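Trainee: how does the following fold in three dimensions:
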Amino acid sequence: MSSDDRPHPAGDAVIRFDRARKEYPDGTVAVHALDLEVRQHELLVLVGASGCGKSTTLRMVNRLVEATSGRVLVEGRDVATVDPVALRRRIGYVIQDVGLFPHRTVEQNVATVPELLGWDRARTRSRVAELLELVGLAPVTYAGRYPHQLSGGERQRVGVARALAADPPVLLMDEPFGAVDPSGRRRLQQEFWRIQRELGTTVMFVTHDVDEAVRLGDRIAVFRRGGYLEQVSDAVTLLARPGTTTVAELVGAGSTVRLLSIGELTADDVRVERVSGPTVPAGGVGPGAAPSVELGDRLDVVLQALAAAPDGVPVTRGDAVVGHLTGDGLLRAVRRTVASAGS
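Mentor: Below you'll find the model as predicted:
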């Protein structure tokens, strides 16, 4: 067994592109000599204009597109040496139109890969129920429904559950929320961000939407036409220090506003105070309740709470109030987020 065929140790790259190239018979180069790694437990977003090779790059991982030259390795093994059907059963795949089987129930759709892998009925049903709960669809309500009885957002949730059913080491997502209305799309993004962090699945995610990229990605890979990789960095660095003119044009104006959607509230931003009396639930639950925020909330959520309570809001950790946040604290958090770029 060669060194590249051995499984990578924990923390190493799960997916690796080694000078991977895709050129079509008419001479069109979709991906140009790509060197890129996706780390274990990472959510890597590929972003760029239409025709820049994002989806082609993604599909080379599960061999829906075959590389012309170079290699694509998953868990240290060259995918060109693996049976494509077996490979795809081990890699989750979610696309924009979901592709649910219309004459199969939600439960049957989610069970597709476990059934192909020969799981017994009890194990399969347990896994389906677990995943429907995870994506926010109560099994008692949704398991027996058919795709035409679901909203677009619900179908996407089923698609994510189906892709995760066999606990794949890699999940590929190609514009998965692009067909959902804006408010539903934001909810799906937040829900998927939570799920990915809970499960630790390694994810490659394609989008043309910079806002979606910075909201979701641990790192972001920016492509330009011809399949050239322009920059790979965390979202803060991408927004605060774009590496090339192409990246700067893609990010455009409003990068400070975008930083609000990725920065998180920390204890350093909060004025600590003694709080007596009952605790305040996060989000100010209940009629007339004051808004509150929780440590770890995204800064755009914090801004919304402060807009409703300009004198400041309580900050919670779990069920306990741990301090108070004002506009000055939010400003410190934004400055801290910008200062962390490239550090």
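Trainee: neighbours around residue 92, how many?
Mentor: For residue 92, the neighbour count with other C-beta atoms under 10 Å is 26. All C-beta atoms are positioned from the backbone trio N, CA, C, and that covers glycine.
Trainee: then residue 241?
Mentor: Neighbour number of residue 241 under other C-beta under 10 Å is 15.
Trainee: now swap in the one 5 residues further on and tell me
Mentor: A count of neighbours around residue 246, defined by other C-beta under 10 Å, yields 19.
Trainee: surely it meets residue 230?
Mentor: Yes. Contact status for residue 246 versus residue 230: in contact at 5.1 Å, counting by C-beta atoms under 8 Å.
Trainee: list residues touching both of these two?
Mentor: 222, 224 (C-beta atoms under 8 Å, 6 or more residues apart in numbering).
Trainee: would you map the helices across the stretch 1-150 of the chain?
Mentor: For the stretch 1-150 of the chain, applying DSSP state H, counting those that start in this stretch gives helices covering 54-61, 84-89, 106-110, 112-116, 121-134, 139-142.
Trainee: what mean pLDDT does the longest one get?
Mentor: By that I understand helix 121-134. For helix 121-134, the mean pLDDT works out to 93.
Trainee: and that helix, how far from the chain's centre?
Mentor: Centroid displacement of helix 121-134 relative to its chain, using C-alpha atoms, centre = their mean, to the nearest Å, is 22 Å.
Trainee: just to revisit the earlier point, which among the helices of the stretch 1-150 of the chain is found nearest to residue 166?
Mentor: Comparing the helices of the stretch 1-150 of the chain by their distance to residue 166 (C-beta to C-beta), the top pick is helix 112-116, with 4.6 Å.
Trainee: ok, and for that closest one, which residues are buried?
Mentor: 112-114 (16 or more other C-beta atoms under 10 Å).
Trainee: same deal with stretch 191-202?
Mentor: Neighbour counts over stretch 191-202 (16+ other C-beta under 10 Å) mark 191-192, 195-196, 201-202 as buried.
Trainee: follow-up on the earlier one: got the buried residues of helix 112-116 as a markdown table, with distance to residue 87 and pLDDT columns?
Mentor: A markdown table is the format used below for the buried residues of helix 112-116 (distance: C-beta to C-beta, whole Å; pLDDT from 0 to 100):
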| residue | distance to residue 87 | pLDDT |
| --- | --- | --- |
| 112 | 16 | 92 |
| 113 | 13 | 90 |
| 114 | 17 | 91 |
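Trainee: distance to residue 294 added to the residues you listed, as a markdown table?
Mentor: Shown next, in a markdown table, are the buried residues of helix 112-116 (distance: C-beta to C-beta, whole Å):
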| residue | distance to residue 294 |
| --- | --- |
| 112 | 37 |
| 113 | 36 |
| 114 | 36 |
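Trainee: now the helices of the stretch 1-150 of the chain in CSV, with distance to residue 328?
Mentor: Formatted as CSV, the helices of the stretch 1-150 of the chain follow (distance: least, C-beta to C-beta, whole Å):
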stretch, distance to residue 328
helix 54-61, 40
helix 84-89, 52
helix 106-110, 48
helix 112-116, 51
helix 121-134, 38
helix 139-142, 45
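Trainee: re the thing from before, which of the buried residues of stretch 191-202 lies closest to residue 72?
Mentor: Of all the buried residues of stretch 191-202, residue 202 has the smallest distance to residue 72: 14.1 Å, by C-beta to C-beta.
Trainee: now the protein, which segments are flagged as low pLDDT?
Mentor: 1-11, 253-256, 273-290, 341-343 (pLDDT under 70).
Trainee: let's go with 80 and repeat that
Mentor: For the chain, applying pLDDT under 80 flags the ranges 1-11, 97-98, 178-184, 240, 252-263, 271-290, 337-343.
Trainee: ok, now which ones touch the nearest residue to residue 32 once chain neighbours are set aside?
Mentor: Once flanking residues are discounted, residue 32 sits nearest to residue 227: 4.5 Å by C-beta to C-beta, 6 or more residues apart in numbering. By C-beta under 8 Å, 6+ apart, the residues touching residue 227 are 21-22, 29-32, 34, 52-53, 56-57.
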